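*Asks:* have a look at this prediction, sequence included:
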Amino acid sequence: MTIRVVIVDDQMMVREGFSVLLNAMPDIEVVGEAVDGRDAIAKVAELRPDVALMDIRMPELNGIEATREIVASSADTKVLVLTTFDLDEYVYEALRAGASGFLLKDASARQLAEGVRVVAAGEALLAPAVTKRLIAEFTRLGSSSALKPPAQDQIGDLTERETEVLVLIAQGLSNHEIASHLVVAESTIKTHVSRILVKLGLRDRTQAAVFAYEARLVTPG
């Protein structure tokens, strides 16, 4: 099955470069381009792509607001945010807005294509450098009132094992790695992850990781 992608960036050279790279992949097709956040919302509504490759800093409407609108209106389109700097101050905000992952713009063609595939499959994608920034942001917010913990009854809905799996998700482990850590079958972990998302009303693993930090289930650092 071909993964349909819309590229959102205010720089034409960036859009064209990513289009060439992704269209060279046999399982990926770039079906449209958008020049800013408002254009992105319209293009996603019109084309209903599997993945929107989203720049953050754009005129008219930035990538964070566009991501929030797209996630709210299109359950089928995943957002993969591309950022120029690994210390991007908007990483945390975009994840909370519903982005399924992050890649740096200097990622290789292979990393870019694999990132699109991972996000399209419903998994989370966080570049290691960006993950470090995200943890630093949680550390900063954790000592202030800016980080509002979820209601305790939400956490209480989880079983002990589901809570354990949620913590490992937040630490960046894959299903395979969690299964090895807990010495259970990977299919069992997939079931736990699905139940966690349903119980907490979350979209994907990325939002699960955000939830775990906000709920103080994971200590940053």
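*Replies:* Received it, and whenever you're ready, just let me know what you need.
*Asks:* direction included, what does whatever helix or strand residue 32 lives in pair against?
*Replies:* If you go by DSSP states H and E, residue 32 is part of strand 28-34. Strand 28-34 sits in its sheet next to strand 3-8 (parallel), going by DSSP bridges.
*Asks:* for the partner strand, give me every contacting residue.
*Replies:* Identification of contacts with strand 3-8 by Cβ atoms under 8 Å, 6 or more residues apart in numbering yields 15, 18-19, 22, 27-37, 39-40, 43-44, 47-55, 58, 63, 66, 116-117, 120. For glycine as for every other residue, the C-beta is placed from the backbone atoms N, C-alpha and C.
*Asks:* just the CA coordinates of that strand, formatted as CSV?
*Replies:* Taking C-alpha atoms only, strand 3-8 is exported to CSV below (Å, rounded to 0.1, in the frame of the first residue of the first chain):
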residue,chain,number,x,y,z
ILE,A,3,1.8,6.0,1.8
ARG,A,4,0.4,9.3,0.7
VAL,A,5,2.2,12.4,1.9
VAL,A,6,1.6,16.2,2.0
ILE,A,7,4.7,18.4,2.5
VAL,A,8,4.2,21.6,4.5
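*Asks:* can you name the next helix or strand after it?
*Replies:* Next in sequence after strand 3-8, counting helices and strands by DSSP H and E, comes helix 12-23.
*Asks:* re the thing from before, buried residues, whichever helix or strand comes after the strand holding residue 32. List them.
*Replies:* Using DSSP H and E, the helix or strand that follows strand 28-34 in sequence is helix 37-47. By neighbour count on 16 or more other Cβ atoms under 10 Å, the buried set for helix 37-47 is 37, 38, 39, 40, 41, 43, 44.
*Asks:* mind listing what the second one touches?
*Replies:* Shown in contact with residue 38 (Cβ under 8 Å, 6+ apart): 60, 61, 66.
*Asks:* ok, now the fourth one?
*Replies:* Contact criterion Cβ under 8 Å, 6+ apart gives 6, 8, 34, 52, 54, 61, 63, 66, 70 as the residues in contact with residue 40.
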